[in-house]
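*Asks:* here's my sequence, what's the structure:
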Amino acid sequence: MGINRRHLVAGGLALLAGACAGTPPPVTAGGRRLDFGEEMDDGTRVVVPAGLEPEGRAAVVFLPATDGTAPQLYRYYAEMHAARGGFVAFLPPGSSSAADYGSGERFAATVALWDERVRELMGRHRRRFAVDPARVGLAGFSLGGDLSWALAQTSPEAYCGAVVMGSRCGYRAPHALSLLAFRGFRFALIRGADESGARAGGMAAARRLLADEGIAHFYDEVPGAHVRAPPPAFMQAVDFILGPAPVAGRPMARTLG
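*Replies:* Coordinates of the predicted model:
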């Protein structure tokens with residue numbers, strides 16, 4: 001079947017006009033959408049699923065893997081989050097590279113940077129989105145998991161729990177552990193069943209530490225090596241860290257999983 005040249009030109013002009021007049025194309029990486037939710041003036045993206053309660057909302061701050069971004073991690077869970085709701089997702093701007101954890105000193109500086117960034121964005125946006133400050137959790141994979149583990153200890157009063165995926169869990173702030181236990185903090189530790197020895201060993205040591213300190217934690221293994229938790233496993237972990245708060249001073253000492 002032949003193509004009418006006039007129709008082809010007219011169609012091309014119409015597409016061009018539509019592109020110029022319409023909204024800009026979505027932000028993508030490799031053809032995959034990253035423009036989730038609403039972008040704030042500081043670059044934070046905030047995703048509020050339909051049906052959330054008007055006040056006292058829970059929140060999860062997503063933290064990026066090496067050379068990745070928070071929206072890239074959230075993308076993996078966006079569909080299930082939209083379907084089941086349960087919390088406001090905060091996706092901070094920025095990324096970190098392998099150089100940012102090339103030494104203990106560099107990683108300490110990276111932890112301090114992300115601690116300040118997350119606390120600042122939550123202070124700026126929490127009230128606007130009706131978030132309960134006692135129900136703010138962290139979540140990350142790989143370097144993001146390292147940051148979730150570390151930020152929980154750096155600012156133990158700021159969060160209620162953390163989902164830590166594929167992390168060595170090497171950061172230690174011993175002075176914070178008793179406060180985490182007192183506040184009823186909850187960790188969800190998840191790794192691939194075939195994870196590397198360093199990460200598997202680090203997470204095993206973290207589990208012993210949490211058990212010794214009486215800090216509630218959930219542990220799970222998922223198929224694969226260095227992999228994110230599948231959406232159902234991730235949402236189960238989020239439910240655990242955002243669950244009903246225990247009475248202060250009476251930590252949940254049990255280990256789940």
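
*Asks:* tell me the secondary structure for residue 108?
*Replies:* Assigned with DSSP: H, G, I helix; E, B strand; the rest coil, residue 108 falls in the helix class.

*Asks:* ugh, wrong one, I meant residue 111
*Replies:* Using three-state DSSP, the secondary structure recorded for residue 111 is helix.

*Asks:* check which helix or strand the nearest residue to it once chain neighbours are set aside maps to.
*Replies:* In this structure, residue 111 finds its nearest non-sequential neighbour in residue 150, 4.6 Å apart by CB to CB, 6 or more residues apart in numbering. Quick note: C-beta positions are derived from backbone N, CA and C, even for glycine. Residue 150 is located in helix 143-154, with elements delineated by DSSP states H and E.

*Asks:* for the residue nearest to residue 111, give its distance to residue 169.
*Replies:* Per CB to CB, to the nearest Å, residue 150 is found 9 Å from residue 169.

*Asks:* stretch 228-245 - what's its average pLDDT?
*Replies:* Per-residue pLDDT over stretch 228-245 has a mean of 93.

*Asks:* list of residues touching it?
*Replies:* By CB atoms under 8 Å, 6 or more residues apart in numbering, the residues outside stretch 228-245 that reach it are 58, 60, 73, 76-77, 79-81, 84, 86-87, 134-135, 137, 139, 141, 160-163, 165-166, 184, 186-188, 190, 218, 220, 222, 256.

*Asks:* what residues sit buried inside that stretch?
*Replies:* Neighbour-count burial for stretch 228-245, counted by 16 or more other CB atoms under 10 Å, picks out 228-231, 233-238, 240-243.

*Asks:* quick one: which of those residues sit in helices?
*Replies:* 231, 233, 234, 235, 236, 237, 238, 240, 241 (DSSP state H).

*Asks:* residue 150 and residue 169: who's more crowded?
*Replies:* residue 150 (28 against 24; other CB atoms under 10 Å).

*Asks:* which residues does residue 222 contact?
*Replies:* Contacts for residue 222 (CB under 8 Å, 6+ apart) come out as 190, 191, 192, 193, 229, 230, 233.
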